[in-house]
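K.L.:
Dropping the sequence and predicted coords here.
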Amino acid sequence: MFCFREPVCFEGMDNDGICSIYELRGETCIDDLPNECLLNVVRFLMHCADQDAFGLTCQRWLKIQNEARCSIKFQFRDMSAPNCTKYLSKLLDRFPALISVSLVGCTEISDSALALFPSAGLKLKSILLDCCFSITDDGLSHICNNSKGLSSLSLYRCNISDIGLEHVARSCPNLEIINLSYCANVSDSGIAALGEGCLGLKIVNISFCKNIQGIGFKKCLFLQYLDADSCRLTDDGLCAIPNGSSLQYLNLSHSRNLIDLGSRGFSCIGMACSNLQFLHTRMCRTLDDSAVIEISRGCPLLKEWNLAVCPQVTVVGWKEVALNCRNLEILHVNRCRHFCNRSLLFLRSGCPKLSSLYMHGCPNLNPLTVELFKQARCFVRIILEENMCAGFCVDEFVKNFAVKVKTKTCLVLQ
């Protein structure tokens, strides 16, 4: 039995006397609980106010609270002061159980600050460096050398190059998630280095990376999620995807290469990606019927396909989508100029699992045909809005498909 009441203290009685009273009464004080029990208690406190109240109880409980911290988020806008480097290192040393550190928006943090990353960083699983504009390849190498067990790394809008990615590949073999969107200095050489050094790489975001053509993904054998929005991928780049690829999500929207990416490259998706479930090809103006036929036949697990603003897809392509995409649940056909009455009739008799149809801006559609479709497929929602994405965002994908990085008991420092 635990007793939380203070015993009666007689004048002149010391702590040993108080403890003897507890022993005589057969009761145990909460201070007698081992640290492991109190650590479990603080981990079940879901609200920050409760966690803070726990730590303010006494020095021992504060230390236990620090040991329970799994995630820390810095929100300093000015990390240029000389003391910031020292404080950063001390704060990270204070929380020995950290698995996630966020420096998102710390635009002035320098390589010298990252050089003092604690050796305890070996336990870190996730590091976010989004918009850390002053970090170079040297700073990234400091982090990687002290974080060998890293599984998730975000470098959104960072000024790193292939050299930095080579450091990551050598030092972080367990890396599974990396965000390289808007990293203008990264090329296929860096992607290939990641594929060779990080054999478990599952999720990659290279959106708006203008120097990546896709050839480097030949080394990424277990990739499940690839976001290549607004990139300049080529036919050779898409054909480099290994046969039997594990890809489940692929975003190729807003393709910026209208010369070197065409039917051959898109057709390789159908040949190599039999596990694909979410395909985003919005505004891929060189995607044609032959590629659509190859994809519809080669990707039987496809659940969502965004074909909005694909002007070269005609009724031939729509017919194949209706015939072959037996698991398709969501289809986007917004502003497809060749999506006509016959196309909708094919969908009416095909795609048995279709539940949502994003359709507006199709000039060759007759309202009567639309009404007939609604009567025949009354369970299909026709949505007159345009959704710019398909499937899961990366956070949802991680939650549903990939590794889970637990970040309970988070601390935000401003």
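P.N.:
Received it, and whenever you're ready, just let me know what you need.
K.L.:
what number of residues lie near the residue nearest to Asn251 when sequence neighbours are not counted?
P.N.:
Sequence neighbours aside, His280 is the residue nearest to Asn251 in space, at 4.1 Å (criterion: Cβ to Cβ, 6 or more residues apart in numbering). (Glycine included, C-beta is placed from N, CA and C.) Close neighbours of His280, defined as other Cβ atoms under 10 Å, add up to 25.
K.L.:
go on, the one 10 residues further on?
P.N.:
Other residues lying near Ser290 total 17 when counted by other Cβ under 10 Å.
K.L.:
does it really touch Ser263, like I thought?
P.N.:
Yes - Ser290 lies in contact with Ser263 (Cβ atoms under 8 Å); the separation is 5.1 Å.
K.L.:
Does the nearest residue to Asn341 once chain neighbours are set aside lie in a helix or a strand, and which?
P.N.:
Using Cβ to Cβ, 6+ apart and skipping the chain neighbours, the partner closest in space to Asn341 is Thr369 (4.3 Å). Using DSSP states H and E, Thr369 sits in helix 367-376.
K.L.:
So what touches that helix?
P.N.:
With contacts defined as Cβ atoms under 8 Å, 6 or more residues apart in numbering, helix 367-376 is touched by 341, 344-345, 347-348, 380, 382.
K.L.:
and if we set it to 7 Å?
P.N.:
By Cβ atoms under 7 Å, 6 or more residues apart in numbering, the surrounding residues in contact with helix 367-376 are 341, 344-345, 348, 382.
K.L.:
so which of these is the most crowded?
P.N.:
Leu344 (24 neighbours).
K.L.:
and that one, backbone torsions?
P.N.:
Taking degrees, to the nearest 10, you get phi -70, psi -30 for the backbone angles of Leu344.
K.L.:
if we can go back for a sec, which ones among the contacts of helix 367-376 are found in helices?
P.N.:
Counting by DSSP state H, the contacts of helix 367-376 place 341, 344-345, 348 in helices.
K.L.:
which one among these gets closest to Ile241?
P.N.:
Nearest to Ile241 out of the ones in helices among the contacts of helix 367-376 is Leu344 (Cβ to Cβ; 32.1 Å).
K.L.:
And the closest one, how far from Gln312?
P.N.:
Noted for Leu344: a distance of 19 Å to Gln312, by Cβ to Cβ, to the nearest Å.
K.L.:
ok, the residue nearest to Asn341 - how many residues close by?
P.N.:
17.
K.L.:
what's His142 sitting at in phi/psi?
P.N.:
Torsion angles, degrees, to the nearest 10, at His142: phi -60, psi -40.
K.L.:
same check, this time on the one 10 residues further on
P.N.:
Recorded main-chain torsions at Ser152 are phi -140, psi 130, according to degrees, to the nearest 10.
K.L.:
Check the one 10 residues further on too.
P.N.:
The main-chain torsion angles of Asp162 are listed as degrees, to the nearest 10 and equal phi -60, psi -30.
K.L.:
Then Lys63?
P.N.:
When read as degrees, to the nearest 10, the backbone of Lys63 gives phi -60, psi -40.
K.L.:
do the same with the one 5 residues further on
P.N.:
In this entry, Ala68 is assigned phi and psi values of phi -90, psi -10 (degrees, to the nearest 10).
K.L.:
Do I have it right that it meets Val42?
P.N.:
Yes - applying Cβ atoms under 7 Å as the test, Ala68 and Val42 come out as touching, 4.7 Å apart.
K.L.:
Please, where are all the strands along the stretch 1-150 of the chain?
P.N.:
2-3, 28-29, 71-74, 100-102, 126-128 (DSSP state E, counting those that start in this stretch).
K.L.:
How is this structure divided into domains?
P.N.:
With automatic domain parsing as the criterion, the domains of the chain are listed as 1-32, 69-303+391-400.
K.L.:
Out of those domains, which one sits most buried?
P.N.:
When those are scored by mean count of other Cβ atoms under 10 Å, the highest mean neighbour count falls to domain 69-303+391-400 (a mean of 20).
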